[in-house]
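1. curious how this folds, go ahead:
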Amino acid sequence: MNFNIEYEQEEDGRWIADVPALPGLMAYGASAEEARARVEALTSMCSFEEAASE
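-> Next comes the predicted model:
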């Protein structure tokens with residue numbers, strides 16, 4: 001499953017990656033790439049849990 005990921009840099013320099021289609025799913029990172037990797041790991045866990053419940 002592919003999700004749209006939105007990025008924003010916080011005032012303190014950290015990056016946040018957010019998945020609008022999955023409320024509350026977000027991850028912080030020192031870089032946009034780190035935040036993306038973390039949020040993609042979380043979305044893959046959500047996809048796995050969804051498949052397991054079917």
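
2. distance-wise, check the residue sitting nearest the centre point of the chain relative to Asp12.
-> The residue lying closest to the centre of the chain (CA atoms, centre = their mean) is Val39, at 2.4 Å. Taking CB to CB, to the nearest Å as the measure, Val39 falls 18 Å from Asp12. For every residue, glycine as well, the C-beta is placed using N, CA and C.

3. ditto for Met26
-> Going from Met26 to Asp12 by CB to CB gives 15 Å.

4. one more: Leu22?
-> As judged by CB to CB, Leu22 and Asp12 stand 24 Å apart.

5. burial count for Ala17?
-> 24 (other CB atoms under 10 Å).

6. which is the next helix or strand following the host helix or strand of it?
-> In this assignment (DSSP states H and E), Ala17 forms part of strand 15-18. Following strand 15-18 in sequence order, the next helix or strand is strand 26-29 (DSSP H and E).

7. return the list of strands paired to that next one, each annotated with direction.
-> Here strand 26-29 is paired, per DSSP bridges, with strand 15-18 (antiparallel).

8. so what touches the strand it pairs with?
-> Outside of strand 15-18, the residues within contact range by CB atoms under 8 Å, 6 or more residues apart in numbering are 5-10, 25-32, 34-36, 38-39.

9. can I get the buried ones among those residues as something I can paste into PyMOL?
-> Applying 16 or more other CB atoms under 10 Å to the contacts of strand 15-18, the buried members can be selected in PyMOL as follows:
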select buried, resi 5+25+26+27+29+35+36+38+39
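
10. higher neighbour count, Leu22 and Asp12?
-> Remark: of Leu22 and Asp12, Leu22 carries more neighbours, 13 against 6, as counted by other CB under 10 Å.
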